[in-house]
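Chemist: Below is the structure, and that's it, no one-letter string:
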């Protein structure tokens, strides 16, 4: 860099000094209150970025700590939630067995099967109920797998004769959970069938069946079974709907008498049976009986 | 020296003056780190640079005690300018440079400052000058000497090199 001429440099030095001196003297001429106020303002301006940086840093650190705390809290709560869900499930199972009120299924009175009246298959069961609830005729009886039958006769304070679904004159109104199509469930010695389902009503294999509540004796929503096959013929008035029950009637040991109705299954999603998806429904046309196909 | 490094140096020295100086005070007399830094920087930058640096230092110091805003700036810009101006003509090295120049700078600085502060109240200036300024100048000179020795050992003679640079040596 070229050196400035000596004279110019001296002038520049003096000019800088003059400016600095003038500014200093100008500040000294201010009233003391003005000096204090402006000094505070300048100091604030000078310090603000540092304060902001300090605040930002401490905020960031506290945010990180809070985030770590919240993560730990979430993990602990998730663990608690899992534990509580398992506990709730156990509680519901125990309540059901002990005859306490079950939150979504009304009141169930556990009962031991004392005797099965067997024809080709069991058609009636004599049960002893472990509950103070009074028994009445036509109270529904269920097992963990679904509807078993109804109380046909009260034999004593804690004894009852249950008419199983497998008795040929048993008729219970059922509905397809997915579509609401109703019909009458009967057993014909070979299997369960739903009568009075008009042609064209939407029923497909795999549909879950529940009690419809029609007739008044059995509440709506009890699981009955799934549709095993559907046969429709233009020449007939109704469809032939065959149903598969999950209940093993020959192995009944413990059942539950529904002594008070509750809301039962509030929605289809809670049903233990798979509901066919729309793709399956769309692919089904006409006769859908595996035997008929053969 | 870049503006950023200069700003950091001034800021650290100001913090040192506010925090460290009271801790090493002897009978209430503190060394004047700011004047010491001003002397070093003025030796390196010359009179114009010394005036500007002194002015900036004075303004910063004035913000801490805003009642005296402008007085420090005036005193320091005059000291900075003077040191930058006379340093090349001084034939001093070693301890006389380390002790003498900062001590005289402190005395000149305090004199200007006291004149402004007291509005030329001579008895008060004299009393304060004797009771405070001279001890401060002596203490600053001693600190400067220590700094100079350390500088010679560690930094290769910061003050000496600065003075030599101004002299064109």
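Modeler: Great, that's in hand. Keep in mind that what you see is a predicted model, and the values were worked out from it rather than measured. Numbering: from 1, shown residues only, chains lettered A, B, ... in the order given.
Chemist: Next, count neighbours for residue B:123.
Modeler: 8 (other CB atoms under 10 Å in any protein chain shown). Every residue, glycine included, has its C-beta placed from N, CA and C.
Chemist: Okay, and it sits in which element?
Modeler: Per DSSP states H and E, residue B:123 falls inside helix B:122-128.
Chemist: again with residue A:142
Modeler: Applying DSSP H and E, one finds residue A:142 within strand A:140-143.
Chemist: strand partners of the next helix or strand after that strand, parallel vs antiparallel please.
Modeler: Later in the chain than strand A:140-143, the nearest helix or strand by DSSP H and E is strand A:146-154. If you go by DSSP bridges, strand A:146-154 pairs up with strand A:140-143 (antiparallel), strand A:159-164 (antiparallel).
Chemist: Go through the ones you listed and pick out the most buried.
Modeler: strand A:140-143 (a mean of 24; mean count of other CB atoms under 10 Å in any protein chain shown).
Chemist: Pick out the residue of chain A closest to chain B.
Modeler: Nearest residue of chain A to chain B (CB to the nearest CB) works out as residue A:39 at 2.5 Å.
Chemist: Contact partners for that residue?
Modeler: Applying CB atoms under 8 Å, 6 or more residues apart in numbering or on different chains, one finds that residue A:39 lies in contact with B:62-63, B:66, B:69.
Chemist: Export those residues as JSON lines, with columns for secondary structure and pLDDT.
Modeler: Below are the contacts of residue A:39 laid out as JSON lines (DSSP: H, G, I helix; E, B strand; the rest coil; pLDDT from 0 to 100):
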{"residue": "B:62", "secondary structure": "helix", "pLDDT": "88"}
{"residue": "B:63", "secondary structure": "helix", "pLDDT": "87"}
{"residue": "B:66", "secondary structure": "helix", "pLDDT": "86"}
{"residue": "B:69", "secondary structure": "coil", "pLDDT": "88"}
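Chemist: Secondary structure class of residue A:14, three-state.
Modeler: helix (DSSP: H, G, I helix; E, B strand; the rest coil).
Chemist: Which pLDDT value goes with residue A:163?
Modeler: pLDDT for residue A:163: 94.
Chemist: Sorry, slip of the keys, the one I care about is residue B:94.
Modeler: For residue B:94, pLDDT reads 69.
Chemist: now swap in residue A:271 and tell me
Modeler: For residue A:271, pLDDT reads 43.
Chemist: again, but for the one 5 residues further on
Modeler: According to the prediction, residue A:276 has pLDDT 39.
Chemist: same deal with residue B:11?
Modeler: You'll see residue B:11 listed with a pLDDT of 81.
Chemist: And for residue B:1?
Modeler: Here, the pLDDT recorded for residue B:1 equals 57.
Chemist: Around chain B, pick out the residues from chain A.
Modeler: Contact residues (CB under 8 Å from any CB of the partner chain) of chain A with chain B: A:12-13, A:16-17, A:20-21, A:23-28, A:30, A:32, A:35-40, A:42-43, A:46.
Chemist: the helices in chain A, which residues?
Modeler: Assigned helices in chain A, in chain order: A:6-28, A:32-98, A:278-283, A:290-293 (criterion: DSSP state H).
Chemist: Please work out which of those is packed deepest.
Modeler: Greatest average neighbour count among the helices of chain A goes to helix A:6-28 (a mean of 15), per mean count of other CB under 10 Å.
Chemist: elements contacting that one?
Modeler: The contact analysis (3 or more CB pairs under 8 Å, 6 or more residues apart in numbering or on different chains; DSSP states H and E) places helix A:6-28 against helix B:33-64, helix B:71-86.
Chemist: which residues touch stretch B:102-119?
Modeler: Defining contact as CB under 8 Å, 6+ apart, one finds that stretch B:102-119 is touched by A:28, B:32, B:35-36, B:38-39, B:68, B:70-72, B:74-76, B:78-79, B:82-83, B:124-125, B:128-129, B:132-134, B:136-138, B:140-141, B:143-144.
Chemist: what about the nearest residue to residue A:137 once chain neighbours are set aside, how many residues close to it?
Modeler: Distance criterion CB to CB, 6 or more residues apart in numbering or on different chains; nearest residue to residue A:137, sequence neighbours excluded, is residue A:151 at 5.7 Å. Around residue A:151 there are 24 other residues, counting by other CB under 10 Å.
Chemist: who touches residue A:151 in this structure?
Modeler: Contacts for residue A:151 (CB under 8 Å, 6+ apart) come out as A:135-139, A:141, A:160-163, A:257.
Chemist: What of residue B:129?
Modeler: Residue B:129 sits next to B:107, B:110-111, B:114 when contact means CB under 8 Å, 6+ apart.
Chemist: Report the central residue of chain B.
Modeler: Closest to where the C-alpha atoms of chain B average out (CA atoms, centre = their mean) is residue B:35, at 1.4 Å.
Chemist: Which part of chain B gets nearest to chain A, residue-wise?
Modeler: Chain A sits closest to residue B:66 of chain B, with a gap of 2.5 Å, by CB to the nearest CB.
Chemist: Alright, I will stop here.
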